[in-house]
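Student: Dropping a prediction and its sequence here:
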Amino acid sequence: MSDRAPADAAPLWSALRRFASWDAVIIAATALFLVVAASTVEHFGTARNAGHIIVDLAPVLLLALVMTLIVATGEIDLSVASTVGLTGAAMGWMWNHGIALETIMPLTVLLGALLGAVNGLFITGFGLPSLAVTIGTLALYRGLAYVVLGDTAVADWPRDFTGWTLGTIGDTGVPNIVVPLIALALVVGLVLHCTPIGRAVYAAGANPVAAAYSGIAVGRLKCWLYVASGAMAGLVGVFWTLRYSSARADNAYGLELTVVAVVLLGGVSIFGGKGRLPGVLAAVVLLTALQNALRLAHVSTETLTVVTGALLIAAVLAPNLLTAAGDALRSRRRRAAASL
């Protein structure tokens, strides 16, 4: 009996490992929460509220797509929300100076890319820690937003553009923003999980020295990821400004906390080298739906901030605890097998 036990348990353990992966856990938790909230929170399960959730999660999801790659390399970008604010303020400045919106939008994305390149240059060119650099640019870019636009708001945006951000696809009730969200998520997912770039991202995060010896240009890779992060923040700056029909220097204030929370909650290791996009996408839905449900339940803004902070701590602790438990269980199995 004892000789067969480890062999009999191996297939079960293998199956449990597959189904107990962090991606599966967070996806299951998200599905469970949606079901419970729909049945207990008034108006949560309506089609109209579902549309609101999708529009609300759009900025977080867009920023989290590139943040996933950055964190997987062992770095971080805390300046994304300030980049959204500065690019939005630049939009307002350009609009006040008579530039056409069709020209403003690509210029805004380009400005975001340049701001991201500044981060990449300091981090990879000068070897400075990303945490320190992006905390600095978090403050710098937000301050520049106030220099550009001051305390004023630019609100006279064309209805054709502002209406699209809140409009739906025909009579389906599905928000227009769903199409670009799905397209960008698919592109980033394919790059991360199906291309040499994705393998280089994981290698750079797991062991940058070994990655460099294997021929990966780690510095160049990280620099381009910061450029992409800035460009995505510029795109979010366009969306944010048009959605609220308001260009303000304080747009997206504090959003970086939510973005980092969903990336870590989605299972991307803060130390780099681990994490998958499906878990991050599920975490985006979970956190946005949770905030929506709490608002419908008339919970205060302060409580929402506390919940986000608690989830950020849980996002760091839970995957590591799960990994430690799995390692301990595997070690126990090996000792048991050795004693037979």
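Tutor: Good, I have the coordinates. Not measured: the values here are computed from a predicted model.
Student: Look at the residue lying closest to Leu277 once chain neighbours are set aside and report its pLDDT.
Tutor: Nearest residue to Leu277 in three dimensions, chain neighbours excluded: Gly189, at 4.7 Å (Cβ to Cβ, 6 or more residues apart in numbering). C-beta coordinates here come from the backbone N, C-alpha and C atoms, glycine included. Per-residue confidence at Gly189 stands at 96 (pLDDT).
Student: Doesn't Gly189 belong to a strand?
Tutor: No. Assigned with DSSP: H, G, I helix; E, B strand; the rest coil, Gly189 falls outside any strand and is helix.
Student: What's the separation between it and Lys222?
Tutor: 20 Å (Cβ to Cβ, to the nearest Å).
Student: Tell me which of those two has more neighbours.
Tutor: When neighbours are counted by other Cβ atoms under 10 Å, Gly189 and Lys222 differ, and Lys222 comes out ahead with 24 against 18.
Student: For the longest helix seen in the chain, give the mean pLDDT please.
Tutor: Ranked by residue count, the top helix of the chain under DSSP state H comes out as helix 301-338. Here helix 301-338 scores 75 as its mean pLDDT.
Student: Over to stretch 239-250?
Tutor: If you average the pLDDT values across stretch 239-250, you get 96.
Student: for stretch 135-151, same thing?
Tutor: pLDDT averaged over stretch 135-151 gives 96.
Student: Distance-wise, check the closest residue to Leu121 other than its chain neighbours relative to Val307.
Tutor: In space, and not counting its chain neighbours, Leu121 is closest to Cys223: 7.0 Å by Cβ to Cβ, 6+ apart. Separation of Cys223 from Val307 (Cβ to Cβ): 35 Å.
Student: for this structure, what helix or strand is lowest in average pLDDT?
Tutor: helix 5-19 (a mean of 49; mean pLDDT, DSSP states H and E).
Student: still on that earlier bit, ok, the residue nearest to Leu121 touching Val118?
Tutor: No. Taking contacts as Cβ atoms under 8 Å, Cys223 lies outside contact range of Val118: 10.5 Å.
Student: Give me the buried positions along stretch 169-179.
Tutor: Residues Pro175, Asn176, Ile177, Val178 are the ones in stretch 169-179 that count as buried (16 or more other Cβ atoms under 10 Å).
Student: I'd like to know how far the last one sits from Leu242.
Tutor: As for Val178, its distance to Leu242 is 16 Å (criterion: Cβ to Cβ).
Student: List the buried residues in stretch 249-261.
Tutor: Buried, per 16+ other Cβ under 10 Å, within stretch 249-261: Ala249, Asp250, Asn251, Ala252, Leu255, Glu256, Thr258, Val259, Val260, Ala261.
Student: show me what contacts Val262?
Tutor: The contact partners of Val262, taken as Cβ atoms under 8 Å, 6 or more residues apart in numbering, are Val60, Ala64, Val280, Ala283, Val284, Leu287, Ala315.
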